[in-house]
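Student: Following is a predicted model, sequence given first.
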Amino acid sequence: MKNPMLEAVSLLLEKLLLIYNCKLFSSGAPDEDKAGSSLHDINSFHRGDILEVPRTHLTHYGIYLGNNRVAHLMPDVLLALTDDKELTKNVVSNKRLILGVLGKVASIRVDTVDDFAYGAKILVNHLDKYLKKKPLLNEEVAQRAEKMLGNTTYSLLWNNCEHFVTYCRFDTAVSPQVDKFCEILKIIIRDERSVLASALLGLASIICLGLASYTTLPAIFIPFCLWLLG
């Protein structure tokens, strides 16, 4: 049986992470509903490479499969609304993506490099430097990605596009974006203003999840404990 407290905390953290990753004031971003028309030099990519792009709201990752194909874990609200493959195979717009994140529905799909990039500049194997781990052989990376194609659940904290590509390339499902968010959260909690921050988080949890024992009690108990320890 799932712990309602853990579910509430997880849901709240996912909402905060989504807000944290939203680049609300970014400039020069692709159009909300249309992929960009810029082309990329696919000859510079190798099968099994990690491709990385800023996709307006979130940094997005995929595995290059060769022949102008990229496998990537993409949230898509249409997967919960229809089984029509003619509709779902179209490029996922940012509106569909954000609603898919909220609905926790996604698929590991294959798109062209330009559709994957959505008009943004592509970085190649940038996570290799961050993780400082020896990657698997490129062919094994690509084969892992191909075996995982299909519908899947989505979670910003536990199963996002970074978890997918790091598992394929490094045999370890991790998300640097989530790690960075958690580090910032630790700094906020350790700050002398943590009582106010935790009170606001508690209020947000009540607003998002409703007035219940597993939301109201933490909203009162956590700030009180931090005040005693401060």
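Tutor: Noted; the coordinates are in hand. Please read all numbers here as calculations on a predicted model, not as lab measurements.
Student: Report the spatially nearest residue to L87, omitting neighbours in sequence.
Tutor: L78 (5.9 Å; Cβ to Cβ, 6 or more residues apart in numbering). From N, CA and C alone the C-beta is placed, and that goes for glycine too.
Student: Which residues are in contact with that neighbour?
Tutor: 87-88, 96, 100 (Cβ atoms under 8 Å, 6 or more residues apart in numbering).
Student: Average pLDDT for stretch 124-138, rounded please.
Tutor: Average pLDDT, stretch 124-138: 88.
Student: Tell me the confidence at P54?
Tutor: 83.
Student: Quick check: G66 vs R96, distance?
Tutor: Distance, G66 to R96, by Cβ to Cβ, to the nearest Å: 27 Å.
Student: Compare these two (neighbour count), which wins?
Tutor: R96 (20 against 15; other Cβ atoms under 10 Å).
Student: ok but the more buried one is inside a helix, no?
Tutor: Yes - under DSSP: H, G, I helix; E, B strand; the rest coil, R96 sits within a helix.
Student: pull the helix or strand with minimum mean pLDDT from this structure.
Tutor: helix 213-229 (a mean of 52; mean pLDDT, DSSP states H and E).
Student: Map the structural domains onto the sequence of this structure.
Tutor: According to automatic domain parsing, the chain comprises the domains 21-173, 191-229.
Student: Report the contact partners of the closest residue in space to L97 that isn't next to it in sequence.
Tutor: Spatially, and ignoring its direct neighbours in sequence, L97 is nearest to P75 (5.3 Å; Cβ to Cβ, 6+ apart). Applying Cβ under 8 Å, 6+ apart to P75 gives the contacts 92, 96-101, 103-106, 154.
Student: Format the residues you listed as TSV; extra columns: pLDDT, secondary structure and distance to D49.
Tutor: Shown next, in TSV, are these (pLDDT from 0 to 100; DSSP: H, G, I helix; E, B strand; the rest coil; distance: Cβ to Cβ, whole Å):
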residue	pLDDT	secondary structure	distance to D49
V92	88	coil	21
R96	88	helix	26
L97	85	helix	22
I98	85	helix	27
L99	87	helix	29
G100	88	helix	25
V101	85	helix	25
G103	88	helix	30
K104	89	coil	28
V105	93	strand	27
A106	94	strand	22
Y154	91	coil	23
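Student: out of those, what pair is the most spread apart?
Tutor: V92 and K104 (15.0 Å; Cβ to Cβ).
Student: And those two? Which one has more around it.
Tutor: Applying other Cβ under 10 Å to V92 and K104 shows that V92 carries more neighbours, namely 26 against 16.
Student: For S175, see how far away R169 is.
Tutor: Plainly put, R169 is 13 Å away from S175 if you go by Cβ to Cβ.
Student: Have a look at these two and say which one is more surrounded.
Tutor: Taking other Cβ under 10 Å, R169 and S175 do not tie; R169 has more neighbours (27 against 23).
Student: Could you verify that the more buried one is part of a strand?
Tutor: No - checked against three-state DSSP, R169 lies outside a strand; its state is helix.
Student: for it, what are its contacts?
Tutor: 48, 50, 63, 127, 135-136, 141.
Student: Now go through these and say which are in helices.
Tutor: Among the contacts of R169, the members found in helices (DSSP state H) are 127, 141.
Student: residue boundaries of the helices in the protein?
Tutor: 4-21, 78-81, 85-88, 94-103, 113-117, 127-131, 138-147, 161-170, 176-190, 194-209, 213-229.
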